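Visitor: I would like the atomic coordinates for the input below:
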Amino acid sequence: MHKHYCENDTELLLSHLDDAFSWFGAGEHEYAIEPETVIKTFRTFAGKVPRCEIGEERYDVIRPMPGMFICTGMLWVATAPDSGICLRVHQRVTMVFRWTAQGPRCCHLHLSNPYSEMDASDSGFPEKMAEESRRYLQEQIELQKRKIAEQHEVIAHMYVEDLSTGLYNRNRYNQVCDALSGKDCGSLGIAYFDLNGLKKINDLQGHQAGDAFIRRTAECLLRAFGKKAIPPSLLIFLLVSPPGLWQKGLPHRR
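Guide: Below you'll find the predicted structure:
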């Protein structure tokens, strides 16, 4: 089932058929008992079955006689999101296997989709199948909406914040300046910092050590100013602060 629906591997499916074989497909016209007809029909499926996902499988096997096995099962078959088709059906399957020297060989296969025909409660239209497909489509839409929202949040975060230090970047600085333009800015300050020995660390210990030095500095700045520090560059900050901060003084950080 997985090779057929998930990988559309027709030849592997045919390699497991017995010399004598009967087939009932899910469609009303899908019925054949001649091996040549079955092989020809199955090969027409190659490349035409949309990629599907299988779930909630249940199978049972009985052995009515030595060397003969009957497998029955139920499963949900749903088209994969990238297939361009939104459909989910509950499928039932019956398979009969004959044990041979080459292993199990399938001599009968019967597939049925309970909702492909009219349900007992339907009137003039297969409503159950339509409802199930609609629910599946809604689930896929909601899934894609959540993925888009998550991606948008990540992109928005990357646009205004330096991922290495956690400090706001110049894009955020420009946003704040635009928002404050022509308005009473309240308490503002500009802070300048210099990292003594950064070039020496880069030269002697490598840029990874220099980056670690910058990150430690950023951690100190975040502890001192939090997210009110808006840098147009790493070591120059526009400080958007509540009234009275400058009168109280800034916490000392080393």
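Visitor: which of the three states applies to Val96?
Guide: Three-state assignment for Val96 (DSSP: H, G, I helix; E, B strand; the rest coil): strand.
Visitor: need the three-state assignment for the closest residue to it other than its chain neighbours.
Guide: Nearest residue to Val96 in three dimensions, chain neighbours excluded: His108, at 3.7 Å (CB to CB, 6 or more residues apart in numbering). Where you see a C-beta, it was placed from the backbone N, CA and C, and this is true even at glycine. Here His108 is recorded as strand under three-state DSSP.
Visitor: so what does the helix or strand harbouring Gly55 touch, helix or strand wise?
Guide: Gly55 belongs to strand 52-65 when assigned by DSSP states H and E. The contact analysis (3 or more CB pairs under 8 Å, 6 or more residues apart in numbering; DSSP states H and E) places strand 52-65 against helix 2-5, strand 68-79.
Visitor: now the longest one: average pLDDT?
Guide: This means strand 68-79. Averaging pLDDT along strand 68-79 gives 92.
Visitor: the first one now?
Guide: Per-residue pLDDT over helix 2-5 has a mean of 82.
Visitor: what is the orientation angle of the top helix by length along the chain with strand 68-79?
Guide: Longest helix in the chain by number of residues, with DSSP state H as the criterion: helix 127-160. Helix 127-160 runs at 50 degrees relative to strand 68-79, counting by axes from the mean of the first three to the mean of the last three CA atoms, to 10 degrees.
Visitor: pLDDT (mean, whole number) over helix 127-160?
Guide: Averaging pLDDT along helix 127-160 gives 83.
Visitor: what do you get for stretch 169-186?
Guide: 78.
Visitor: in stretch 42-50, what's buried?
Guide: Residues of stretch 42-50 classed as buried under the neighbour-count rule (16 or more other CB atoms under 10 Å) are 42, 49.
Visitor: ugh, wrong one, I meant stretch 16-35
Guide: Judged by neighbour count using 16+ other CB under 10 Å, the buried positions of stretch 16-35 are 17-18, 21-26, 32, 35.
Visitor: ok so, going back, which other helices and strands does the longest helix of the chain contact?
Guide: strand 88-100, helix 170-180.
Visitor: counting contacts, what elements does the first one pack onto?
Guide: What it means is strand 88-100. If you count contacts as 3+ CB pairs under 8 Å, 6+ apart, strand 88-100 packs onto strand 68-79, strand 103-112, helix 127-160.
Visitor: the shortest one vs strand 68-79, what angle?
Guide: Spelled out, that is strand 103-112. 50 degrees.
Visitor: what strands line up against strand 103-112, and which way round?
Guide: Looking at strand 103-112 with DSSP bridges, its partner strands are strand 17-24 (parallel), strand 88-100 (antiparallel).
Visitor: do the same with the first one
Guide: Looking at strand 68-79 with DSSP bridges, its partner strands are strand 52-65 (antiparallel), strand 88-100 (antiparallel).
Visitor: follow-up on the earlier one: looking at the helices and strands packed on strand 52-65, spot the one closest to Asn196.
Guide: strand 68-79 (61.6 Å; CB to CB).
Visitor: alright, I will stop here.
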